[in-house]
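Colleague: Provided below are the primary sequence and the corresponding predicted coordinates.
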Amino acid sequence: MKPVIVFAYHTGWRREEILNLTWDKVDLKEGLVRIDPGETKNEEGRTVYIDGEVLEELKVLHRNRRLDCNYVFHWNCQPIRDFRGAWDSAYIKAGLSQVVKDEQRHETKVPTKIFHDFRRTAVRDMIRAGVPERVAMTISGHKTRSVFDRYNIVRD
């Protein structure tokens, strides 16, 4: 799951956009990844230039890829669809969970974060790094300013 998390952390892309990514949309030489129009929630395509940790993770995946599999992120050449169980388990093992009680006062550990939180993290980090807001919106796929502002929550 590390490559998926690294990609989400740096780009703020939606889970489905990441999990459906195929190698024909990745250009490691140029350092870019694209989504075609119609493949995103807002129906608009986009191209994102990548470097650093994201590029390195994709290079490792590419070097070790199965030639019969076009998905960048997969499990035995099948697209990853749901990883909530693995996500919850990893969070609990890392001690990043909270205890909640149900109506019968049974205690359950639940993660304190959800995968979608990476969208907010990526937007906040881009703005803090000096990336112009319009560029950050384009990278993360936010079409409107009002939605972007909900994700661009900055705390001192």
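Modeller: Okay, I see it. Numbers count the residues shown, from 1 in each chain.

Colleague: Can you show me the helices along this protein?
Modeller: Assigned helices in the chain, in chain order: 2-11, 15-19, 52-63, 84-93, 117-128, 133-140, 145-151 (criterion: DSSP state H).

Colleague: Just name the shakiest helix or strand of this protein by mean pLDDT.
Modeller: Comparing helices and strands within the chain by mean pLDDT, DSSP states H and E singles out helix 145-151 as the least confident, with a mean of 66.

Colleague: The helices of the chain: which one's closest to Glu107?
Modeller: Across those, Glu107 has its closest neighbour in helix 84-93 (12.4 Å, CB to CB). C-beta coordinates here come from the backbone N, C-alpha and C atoms, glycine included.

Colleague: For Leu21, see how far away Asp82 is.
Modeller: In this view, Asp82 and Leu21 are 17 Å apart by CB to CB, to the nearest Å.

Colleague: what's the answer for Tyr71, then?
Modeller: Counting by CB to CB - Tyr71 and Leu21 are separated by 7 Å.
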